[in-house]
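Colleague: task: produce atomic coordinates for the following.
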Amino acid sequence: MMNHNQLVFKLITAKETYAVRHPVLRNGKPLSSCEFNGDNRDTTYHIGVYTNNTLVGVASLLKANNTTILDVFAYQLRGMAIANKYQGKGLGKKIIHYAETILKEKGVLLLWMNARESAIPFYQKCGYKKSGNIFDIQNVGPHMVMFKKLN
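Modeller: This is a model prediction of the structure:
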């Protein structure tokens, strides 16, 4: 059982996210597939959640407007992953809340993501709405744009 009081959230580097991104999101693919366009921009934030000094969850926030939803100051959530043995324990919801808090403090009005089809119910529980239809991301699978107004 994991004690949520022992969770530590902090900003990390893009490369540090690979320890969780790779086995969860890019399993069986080269480590280089973990590098996302925009990872190293000054405006990009990478969140790491640790328990007992072990990185168990990650998410990245990229400054990216999505005018098909709303033409406002927006960020895209990318590369969110929870280490396999820590999934289903509420960590994803805590990372989303942490990300939303960071972005609200910076005046961001919209957070959106290309959600994997299997993650749509999770994001709906976190208050995100669907936008458009399911589409395929090559070599990754079916996704749907989802979003939440932050302010």
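Colleague: now do the buried residues in stretch 39-47.
Modeller: Asp39, Thr44, Tyr45, His46, Ile47 (16 or more other C-beta atoms under 10 Å). All C-beta spots, glycine's among them, are computed from the backbone N, C-alpha and C.
Colleague: check contacts around the second one.
Modeller: Residues in contact with Thr44 (C-beta atoms under 8 Å, 6 or more residues apart in numbering) are Ala14, Gly38, Ser60, Leu61, Leu62, Lys63.
Colleague: ok, the third one next?
Modeller: Contacts were defined as C-beta under 8 Å, 6+ apart; by that measure Tyr45 touches Leu11, Ser60, Leu61, Ala99, Ile102.
Colleague: could you do Lys93 as well?
Modeller: Lys125, Cys126.
Colleague: confidence score at the residue positioned nearest the centre of the chain?
Modeller: Centroid-nearest residue in the chain: Met80, 3.2 Å away (criterion: C-alpha atoms, centre = their mean). For Met80, the pLDDT comes out at 94.
Colleague: that one is in contact with Val58, isn't it?
Modeller: Yes - applying C-beta atoms under 8 Å, one finds Met80 in contact with Val58, separated by 7.0 Å.
Colleague: give the residues shared as contacts by the two.
Modeller: With C-beta under 8 Å, 6+ apart as the test, Met80 and Val58 both reach Ile95.
Colleague: now, the contacts of Tyr45 that are in strands?
Modeller: Counted as lying in strands by DSSP state E, out of the contacts of Tyr45, are Leu11, Ser60, Leu61.
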